[in-house]
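In: Sharing a sequence plus its predicted fold:
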Amino acid sequence: MASRAAIQSGQLSAGETRNLEKKESEINHEEHDMRKLDNGHLTAADRATLNQQQNAVSKDIYKQKHDAQVQSVNPKSEVGQRQRNQQERIAQGVKSGQLTAGETAHLEGREAAIHNEVHNDRVANGGTLTAAERRQVNRQQNRTSGAIYRKKHNARVQ
């Protein structure tokens, strides 16, 4: 799992976290399939393959944490504060095990899409959002907030 501290500190953006969590989810699914083929066990070759893949994801996490992309941890706008709050809720779900890697990747994808839309709207409007754009973002954030709640409170655990 991508480091919760890196998410909260802003070292990983929502998009970076989504991509890393997706890779982790794919490894988890592959391990599940390998175990299914061998009556719940992993062969030495399976363990070596999974270890190699996990090492590659660890290197990706390190690279992403130390690149120039950052997410503001002290946003000044209401939209930015809400995005930060939702990122913290996702990070808490990861830490507690309430969110699986796949669920986290899905939620981070939604957050990244909202962030990109806000960014593009601000670029188009000289750095601000119109009232209609703020309402649209608020609706999207409300839907994402509900999805975070549902995924944290379903029966799936990491």
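Out: Done, it's in.
In: Quick one: low-confidence residue ranges for the chain.
Out: Scanning the chain for pLDDT under 70 picks out 1-10, 14, 67-76, 158.
In: just so I have it, where are all the helices in it?
Out: For the chain, applying DSSP state H gives helices covering 4-9, 14-37, 44-65, 78-96, 101-124, 131-152.
In: Dump these to TSV, plus mean neighbour count.
Out: (C-beta placed from N, C-alpha, C; glycine too.) Putting the helices of the chain into TSV (neighbours: other CB atoms under 10 Å) gives the following:
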stretch	mean neighbour count
helix 4-9	18
helix 14-37	18
helix 44-65	13
helix 78-96	18
helix 101-124	18
helix 131-152	15
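In: Give me the distance between residue 149 and residue 18.
Out: Taking CB to CB, to the nearest Å as the measure, residue 149 falls 19 Å from residue 18.
In: sorry, that was for residue 102
Out: Distance, residue 102 to residue 18, using CB to CB: 11 Å.
In: For the closest residue in space to residue 157 that isn't next to it in sequence, what are phi and psi?
Out: Spatially, and ignoring its direct neighbours in sequence, residue 157 is nearest to residue 97 (5.1 Å; CB to CB, 6 or more residues apart in numbering). With angles defined as degrees, to the nearest 10, residue 97 sits at phi 90, psi 0.
In: As a quick check, tell me the outermost residue of the chain.
Out: Farthest-out residue of the chain from its mean C-alpha position, per CA atoms, centre = their mean: residue 39, at 32.0 Å.
In: What does that residue show for phi and psi?
Out: According to degrees, to the nearest 10, residue 39 has phi 50, psi 40.
In: The chain should start at 82 in everything you say after this.
Out: New numbering, starting at 82: the last item is residue 120.
In: Pull the number of nearby residues for the residue nearest to residue 238.
Out: Close neighbours of residue 178, defined as other CB atoms under 10 Å, add up to 11.
In: Confirm for me that it is in contact with residue 185.
Out: No. The criterion here is CB atoms under 8 Å, and residue 178 misses it with residue 185 at 11.0 Å.
In: what residues do those two have in common as contacts?
Out: Here residue 178 and residue 185 share no contacting residue, scored by CB atoms under 8 Å, 6 or more residues apart in numbering.
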